[in-house]
Every structure is written in structure tokens, then in C-alpha cells.
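**Q** structure for this input, please:
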Amino acid sequence: MQVIDTRVDTTSEDYQENYRAMEERVADLRKELETARSDRPDKAKARLAEQNKLSVRERLDLLLDRNAPFLEIAPLAAKDMYDRKVHGAGIVSGIGVVEGREVIVHANDSMIKGGTIYPLGVKKGLRTQAIAMENRLPIIYLVDSGGAYLPLQSEIFPDADDGGRIFYNQAVISKMGIPQVCGVMGLCTAGAAYIPAMSDEVVHVKGTGAIFLGGPPLVRAATGEEVTADELGGADVHCRQSGVSDYLAEDDSHCIQIIRQIVKALPPPRKAEVGVREPKPPLYDAKEIYGIVPRSLSVPYDVREVIARMVDGSEFLEFKALYGPTLVCGWAYIHGFPVGILGNNGVLFSDSSLKATQFIQLCDKRGIPLLFLQNINGYIIGKEYERGGITKDGHKMVNAVATATVPKFTVIIGASFGAGNYGMCGRAYGPRFLWMWPNGQIGVMGGEQAAHVMITVKNDQLQREGNPPLSEELVRQIKGPIVDAAEREGNAYYSTANLWDDGILDPAKTRDVLGLAISAALNAPLRSDVYGYGTFRM
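**A** Have a look, this model is predicted:
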């Protein structure tokens with residue numbers, strides 16, 4: 001492989017301004033992450049201490065192997081939603097290492113509304129289970145939940161992808177042979193009671209852990225029976241009498257200790273083989289990405305400069321370098337794992353679409369994971385290009401992306417608009433993980449373009465009716481709200497709050513995150529036995 005020869009001038013004024021702009025964005029991201037991690041009411045902290053319980057972060061510190069990385073999933077889910085206090089949708093999820101084994105953890109944060117489940121908490125739980133199923137990762141549930149947040153029950157309970165799907169997935173996960181271990185560390189109320197009941201092994205904390213379909217208030221209202229939480233569903237009840245729980249723990253620390261022993265006793269995983277080699281760092285500083293990425297999405301730049309700061313040794317074997325130049329394709333290694341990379345250098349034309357299709361097929365046949373670096377306004381449009389077959393050529397690329405069986409990873413490093421989102425493996429196309437950079441924007445089209453389309457449509461209508469076009473004042477009145485809405489609903493924070501992605505990344509840390517994600521994905525087979533494609537329109 002050839003080393004990418006950088007052409008970045010780190011002393012230029014433009015580079016320095018770009019660097020400062022991204023540095024500010026990353027600083028804002030760190031503040032948001034710290035708020036989501038630590039902003040908890042004093043009353044909730046006092047209640048936790050009174051119960052002699054550990055916080056969710058303290059539980060994770062005990063559970064996960066020391067000095068091992070933890071890849072948190074959607075830490076800013078539900079940002080600015082509800083009352084702006086349901087940080088992370090009330091749940092901490094992520095991939096970590098327990099007794100040397102990669103696992104995914106789903107833990108309620110009882111200091112957020114008593115661990116009650118909000119609609120986006122359900123969505124985050126389903127996302128956690130999807131990651132477990134796709135990557136064959138054991139799940140550890142640390143349950144401490146008061147059940148569904150009843151004022152929003154219509155958004156939690158009835159539909160196909162609402163609360164009941166959590167337990168449906170548990171049954172499917174069990175059938176797949178993926179281990180599920182549950183620590184009952186607080187209330188497991190109503191639907192939450194099924195999480196331990198449907199797990200393989202359950203560790204129940206004495207005094208604070210309780211499992212019941214209906215809590216004491218509901219029992220009293222329905223039957224008139226007076227009963228405490230411990231009498232109704234405590235550790236003694238379920239370890240000695242019902243058999244729901246398998247291990248009795250004296251406190252949170254003891255519970256975590258038992259869970260680690262359970263994971264240690266699991267059969268060793270068989271990872272897929274992809275020709276791993278000794279990793280080596282890039283030749284260039286990853287933080288130089290700050291100065292490479294322009295302040296405005298409308299300014300083009302060479303994605304190879306980003307790749308050079310992300311891959312091992314800055315080495316990259318480019319595929320069809322002279323053909324379809326608006327899409328860069330090629331092979332590299334990230335932390336020793338082979339990857340096939342597709343990165344945008346402009347809109348997608350027929351030649352770049354065909355190039356992508358062939359490259360994806362090659363990677364799929366060879367069992368090489370795919371990495372998509374999205375900075376795309378879409379596919380080219382216009383009479384000439386439609387006659388040249390852009391629709392059918394774009395279809396080939398979309399088809400190849402959708403049906404590739406190897407693990408796919410997507411990072412939105414700039415724009416993600418229109419069908420370009422699909423062709424570059426957006427959320428709907430099954431990437432194992434998808435992240436955004438702080439400058440990322442996503443939508444059908446950019447705000448300026450959307451406003452221009454709406455104004456053009458209105459002027460065409462006025463012309464048909466024999467009326468004059470819109471005045472400049474009316475154009476401003478129409479354009480302003482459209483641009484504002486696009487910027488508000490298309491930015492990275494809106495995306496991550498709605499769980500359209502798995503989190504916002506510091507660009508300088510993207511390489512390390514990808515290394516962790518690829519390693520986790522290789523716990524599942526590459527599924528080369530189902531290699532193949534649908535019909536390509538010729």
C-alpha cells in the first residue's frame with residue numbers, strides 16, 4: 001500500500017480558522033457529554049446514598065475490566081427533550097470488556113426520574129439489543145427501573161417497536177444463543193419485570209432489588225392488600241420461593257462480583273477471521289482533521305486527507321483512482337483490521353456509482369468490512385445525467401450497499417443529504433454503527449436548497465395563474481423559517497437526541513472508536529454463505 005502524501009498546509013490562515021472552529025465544536029461536545037454524565041438532582045443523590053446503592057457509573061466502574069475501553073452508545077439521547085433532564089434517555093448503554101470478554105451493557109440510571117422508562121429509553125433499549133444481535137455480544141442488564149413513564153404510555157406501549165419489543169427481542173436473543181445476564185439492583189416494575197424473567201441468569205440484590213408485575217400501590221388499589229416491595233418481590237421471595245432469581249447478592253458490589261464470575265464462565269467466543277495485522281499509528285496527527293474540515297459544508301476538500309489521519313501508517317491502496325473521482329474507494333487497515341473505505345469528494349455521478357458498486361462487491365466477496373465516510377449532497381441531477389442513466393447506476397450502488405453481508409460502519413463527517421444518505425449507507429441501510437461529527441448535518445436537502453425549491457414551486461404556480469412572482473419580502477418570509485428549521489432539525493445534536501445515530505464523535509478519536517467497533521463486530525460470523533445480490537438494472 002502507498003502512503004498518502006499530505007498536501008495540507010498547517011500554517012495557512014484557512015487551516016487555522018478551520019481548526020479553531022472545530023476545536024470550539026469539540027469543546028461544546030465535551031460540555032454536553034459531561035452534563036449528560038453528571039447533572040443529577042441533589043435529592044436523587046441523597047436518596048441513592050440512603051439506600052446504600054451505587055450510581056450507574058460506579059456500577060459500570062466495578063463491572064468493566066480496569067483500563068479497558070468503553071464505547072458508550074448514544075450518550076446524548078433525548079437531549080433537550082421532555083424536561084431537558086432525561087439525560088441519555090435515562091439509560092447508559094455501551095460496549096465494554098468484562099473478564100476479557102466483549103459485552104454490551106444496558107443499565108438504568110435510577111437518579112433520572114427513578115429509572116422510569118421514557119419513549120426514547122425504549123428506543124435506546126431496542127438499539128442496544130439490535131447491536132447485541134448483529135454482533136453476537138452477550139448482554140448485561142443492570143435493572144433499576146420504576147417502569148414506564150405513565151404520562152407518555154401511548155408512546156411506549158402499543159406499537160410494533162414499542163416496549164413489548166424489548167421482551168420479544170429477549171426471546172429471539174435467547175434462541176440465537178447469545179447470553180443474557182441480569183442484575184436486579186433496584187425496582188423491576190411492570191414490564192421491567194420481564195427483563196430478569198427472560199434472562200439466562202439473574203443476580204438479585206438483597207434489600208433494594210425487587211421484581212413484580214404490579215408494585216405495592218397497584219396491589220393495594222386492585223386488591224386492598226398491604227404489602228412492602230421486599231415482601232412482594234424481594235431477593236428472598238425470588239431466590240427461595242418463586243425461582244425467578246438465581247443468585248442472592250448482599251449489595252451492589254457483591255452483585256457485580258457475581259456477574260463478572262458468570263461472564264468468566266461463559267464459553268469463549270469465536271471471532272471471525274479477517275486477516276488482522278500488527279497495528280501502527282497514522283503518520284499524521286489526528287487532530288489535524290480539525291483544520292482540514294472546512295467551516296462551511298459548501299466548501300469542498302479532499303477526503304484522502306481525513307483518511308490519512310485515520311488509517312494505520314497512513315497507507316491506502318486506492319481503487320480506480322482515475323475513474324469516478326467524486327468518490328474515493330480503497331483498502332486500508334484501522335488498528336490492524338482490514339477495511340474497505342468509501343469517502344465522498346463531491347456529488348455521486350454514474351461513474352462514481354458504478355465504481356462504488358464494484359468496490360463493495362469485491363469487499364463483500366473477500367470478507368472485508370466496509371467504512372463509509374459521508375459528506376454528500378446527493379446524486380447528480382439534470383437532463384443529461386438522467387439520459388445517461390444516473391437513476392439506474394445509483395440503484396446499483398444502493399442495491400450493493402443494502403445487500404452487502406460484511407460489517408458496515410458509517411461516519412457522517414459533513415453533509416448527509418437526500419439519496420446520498422442511502423447510497424453511503426445511512427441508518428436505513430444497516431450499518432453496524434453510525435456516528436456523526438459535530439459539524440454533520442442530515443436531511444432530505446440543505447436549508448438553502450429546500451427554500452429555493454419551495455420558492456420556485458410557488459413562483460411556477462403564480463405564473464400559471466397569470467400572477468407576478470413573489471416579492472423579495474415574501475421570499476424572505478418563506479425562506480427564513482425553512483432555513484431555520486433545516487438547521488435546527490438537521491444538526492448533529494438533533495440527530496443524536498433522536499437516536500438517528502450512535503453518538504457524536506470528536507473527529508480526532510474516530511480511529512479509536514472504529515477500532516473498538518470493528519473488534520466487537522467480529523464476534524459475529526461474516527455470513528459469507530449468504531453472499532449475493534438482487535437484480536441490477538442494466
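**Q** against which helices or strands is whichever strand or helix holds residue 476 packed?
**A** For residue 476, the host element (DSSP states H and E) is helix 472-490. The helices and strands touching helix 472-490, judged by 3 or more Cβ pairs under 8 Å, 6 or more residues apart in numbering; DSSP states H and E, are strand 441-443, helix 447-464. Using the backbone N, CA and C atoms, a C-beta is placed for each residue, glycine as well.
**Q** contacts only, for the closest residue to residue 106 other than its chain neighbours.
**A** Leaving aside its chain neighbours, residue 106 sits nearest to residue 128 (4.6 Å; criterion: Cβ to Cβ, 6 or more residues apart in numbering). By Cβ atoms under 8 Å, 6 or more residues apart in numbering, the contact set of residue 128 is 73, 91, 93, 104, 106, 139.
**Q** what does residue 95 give?
**A** Contacts of residue 95 by Cβ under 8 Å, 6+ apart are 70-71, 73, 102-105, 131, 137, 516-517, 520.
**Q** tell me the SS of it?
**A** strand (DSSP: H, G, I helix; E, B strand; the rest coil).
**Q** give me the nearest residue to it, chain neighbours excluded.
**A** Of all residues not flanking residue 95 in the chain, residue 71 sits nearest, at 4.4 Å (Cβ to Cβ, 6+ apart).
**Q** hmm, back to that, out of the helices and strands packed on helix 472-490, nearest to residue 181?
**A** strand 441-443 (35.6 Å; Cβ to Cβ).
**Q** so which residues make contact with that closest one?
**A** Outside strand 441-443, the residues that touch it by Cβ under 8 Å, 6+ apart are 297, 412, 414-417, 421, 436, 450, 486-487, 489-492, 495, 500.
**Q** restricted to strands, list the contacts of residue 128.
**A** 73, 91, 93, 104, 106, 139 (DSSP state E).
**Q** which residues pair with the second one across the strands?
**A** Taking DSSP bridges, one obtains residue 108 as the residues bridged to residue 91.
**Q** right, and it touches residue 106 too?
**A** Yes - counting by Cβ atoms under 8 Å, residue 91 does reach residue 106; the two are 6.5 Å apart.
**Q** neighbour count: these two, which is higher?
**A** residue 91 (32 against 25; other Cβ atoms under 10 Å).
**Q** show me what contacts the more buried one?
**A** Residue 91 sits next to 77, 106-109, 121, 124-125, 128 when contact means Cβ under 8 Å, 6+ apart.
**Q** which one among the residues you listed gets closest to residue 480?
**A** For the contacts of residue 91, the nearest to residue 480 is residue 77 (30.0 Å; Cβ to Cβ).
**Q** my guess is that closest one contacts residue 120. True?
**A** Yes - with contact defined as Cβ under 8 Å, residue 77 reaches residue 120; the gap is 5.5 Å.
**Q** residues shared between the contacts of the two?
**A** In terms of Cβ under 8 Å, 6+ apart, residue 77 and residue 120 are both contacted by the residues 89, 497, 499.
**Q** my read is the last one is in a strand, agree?
**A** It refers to residue 499. No - according to three-state DSSP, the state of residue 499 is coil, so it is not within a strand.
**Q** which stretches of the stretch 101-250 of the chain form strands?
**A** For the stretch 101-250 of the chain, strands defined by DSSP state E, counting those that start in this stretch occupy the ranges 101-108, 139-145, 180-189, 201-205, 210-212, 247-249.
**Q** that'll do, ta.
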